[in-house]
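> Below are the sequence and a predicted model; questions follow.
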Amino acid sequence: MSNSGHSDYEMRILDERWNGKLLQLNRRSPVRTGKLRIHFDRSPDVFTIPRLTSYRNRCLGLFRHDRLVGYVMASYQKRYINGCLSEVIYLGNMHVTEKGGGRVFLKKIADRFTRTVSGQTGVKYLYAYVASQNRPAMKLVELGQLNSMVIGQISMAMIMLCKPVGVSGLYSIRPATMSDVDVIVELLRKEYARRFLAPEMCREVFLQNLARRPAFDISNYLLAESAGRVVGVCSVWDMTSFKKNRVLTYGLKLGLARKIYNCTAPLVGNAALPKAGTPFRDVTVAEYAVQDGDPGILKTMLQYLYRQYRRKGYHFIIIGFSEGDPLNEATAPFIRRKMRSNVILGASDPACMDRVHRPLQLYADAVQI
């Protein structure tokens with residue numbers, strides 16, 4: 001597209017009065033992965049997740065001839081870069097409905113960040129997740145706006161709750177109470193400090209999260225204990241009131257497999273898989289940390305959650321990992337499907353990118369992705 005064509009487009013900051021229009025646009029741009037067409041539904045409010053995961057957010061809308069054709073959420077956060085907390089912007093939930101619009105949008109975002117945002121706020125880095133199978137989006141990344149590059153991969157493991165699973169007796173599992181806050185914070189803080197793009201964690205942040213997360217309290221945290229000592233923690237969160245996953249088309253083979261599965265599901269105590277367009281019932285492991293990076297501890301907590309939520313009629317547990325992380329082994333006993341994403345990092349100053357140590361372990365944020 002020529003630069004003259006760029007003049008047909010305009011970028012504006014949109015407030016929450018645009019929520020209905022943004023949801024409509026979101027519905028018109030589902031994600032394809034293999035034969036599946038998935039709608040990552042953020043109704044009833046696309047601003048909910050940015051509010052929960054940032055100290056400030058801006059919705060940037062792309063207009064052509066005064067018609068909304070795309071948007072992206074820019075969330076201002078504190079995240080670990082090279083082991084130090086840094087101010088960053090997360091670009092998430094990007095949707096563009098016009099062919100060629102994505103290229104224009106990225107150029108306008110880069111111009112805005114370079115000219116105003118970085119200088120006024122001190123934010124040096126932006127990051128985003130792009131599904132590894134989303135070739136059109138990866139082609140846009142390869143344009144190199146804001147010196148961007150792929151710094152690694154994360155995966156969201158969707159553990160299917162479809163067969164009986166026992167719980168290892170190596171660790172005792174219990175819900176947390178408020179008396180456990182300090183030990184939880186310390187476990188998470190140590191884990192986050194070593195993970196690239198992990199969020200800030202301290203007692204104040206923990207209590208803020210506890211207070212503002214919908215349908216969430218201290219009992220959503222599980223603790224693993226050995227010899228009376230806490231050696232692991234994870235939190236589990238039903239986010240489906242504001243974050244739903246809908247398969248719009250299964251494809252021929254998966255559609256047939258769904259019908260066969262649903263015929264036997266009631267006989268073995270499984271929840272039937274929903275018809276196309278109906279959301280799954282899933283829970284998200286929002287945070288986790290285990291002593292010495294031991295996957296056996298995390299596996300035991302997942303076994304406990306699996307048994308608990310299978311009985312409640314859920315379909316999936318969702319948990320994120322950095323690719324190559326030994327903790328991936330915790331999901332080995334389960335039937336699971338992995339959705340991989342490239343992690344994209346950019347900066348206004350090339351020198352900032354030169355200072356980035358290629359991360360060994362990334363933070364896989366299952367809440368905002």
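Noted; the coordinates are in hand.

> what about stretch 31-38, average pLDDT?
When pLDDT is averaged over stretch 31-38, the result is 80.

> hmm, I was thinking of stretch 114-129
Stretch 114-129 comes out at a mean pLDDT of 82.

> ok, now stretch 223-231?
The pLDDT scores in stretch 223-231 average 97.

> Next: stretch 255-265.
On average, stretch 255-265 scores 95.

> ditto for stretch 62-76
Mean pLDDT, computed over stretch 62-76, is 95.

> what do you get for stretch 361-369?
So the average pLDDT for stretch 361-369 ends up being 95.

> Quick one: end-to-end distance for that stretch.
17 Å (CA to CA, to the nearest Å).

> what's next to that stretch, contact-wise?
With contact meaning CB atoms under 8 Å, 6 or more residues apart in numbering, stretch 361-369 is reached by 49-50, 52-53, 75, 79-80, 90, 92, 129, 151-156, 192, 194-199, 237, 239, 284-286, 318-323, 325, 341, 343. Any C-beta I mention is one placed from the backbone N, CA and C, and that applies to glycine too.

> Just those residues: which are in strands?
Of the contacts of stretch 361-369, the ones assigned to strands by DSSP state E are 75, 79-80, 90, 92, 129, 151-156, 237, 284-286, 318-322, 341, 343.

> thinking again about what came up before, name only those of the contacts of stretch 361-369 that count as buried.
Buried members of these, scored by 16 or more other CB atoms under 10 Å, are 49-50, 52-53, 75, 79-80, 90, 92, 129, 151-156, 192, 195-199, 237, 239, 284-286, 318-323, 325, 341, 343.

> low pLDDT regions in this protein?
1-6, 118-119, 136, 139-140, 143 (pLDDT under 70).

> any idea how it splits into domains?
3-153+341-354, 158-241+271-340 (automatic domain parsing).

> Rebuild these as JSON lines, extending it with distance to residue 364.
Formatted as JSON lines, the domains of the chain follow (distance: least, CB to CB, whole Å):
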{"stretch": "domain 3-153+341-354", "distance to residue 364": "9"}
{"stretch": "domain 158-241+271-340", "distance to residue 364": "3"}
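
> Between those domains, which one is closest to residue 265.
Ranking those by proximity to residue 265 (CB to CB) places domain 158-241+271-340 first, at 4.8 Å.

> Endpoints of that closest one, how far apart?
Domain 158-241+271-340: ends 11 Å apart by CA to CA.

> Now do it: distance to the chain's middle.
Centre-to-centre, domain 158-241+271-340 and its host chain are 14 Å apart (CA atoms, centre = their mean, to the nearest Å).

> Ok, stretch 247-264 next?
26 Å.

> any idea how far residue 157 is from residue 62?
In this view, residue 157 and residue 62 are 33 Å apart by CB to CB, to the nearest Å.

> what does residue 347 give?
22 Å.

> which strand residues sit across from the closest residue to residue 92 other than its chain neighbours in the sheet?
Using CB to CB, 6 or more residues apart in numbering and skipping residues adjacent in sequence, the residue nearest residue 92 is residue 73, 5.1 Å away. On the basis of DSSP bridges, residue 73 is bridged to residue 59, residue 92.

> Please name the residues that touch residue 73.
By CB under 8 Å, 6+ apart, residue 73 lies in contact with 46-47, 49-50, 57-60, 90-94.
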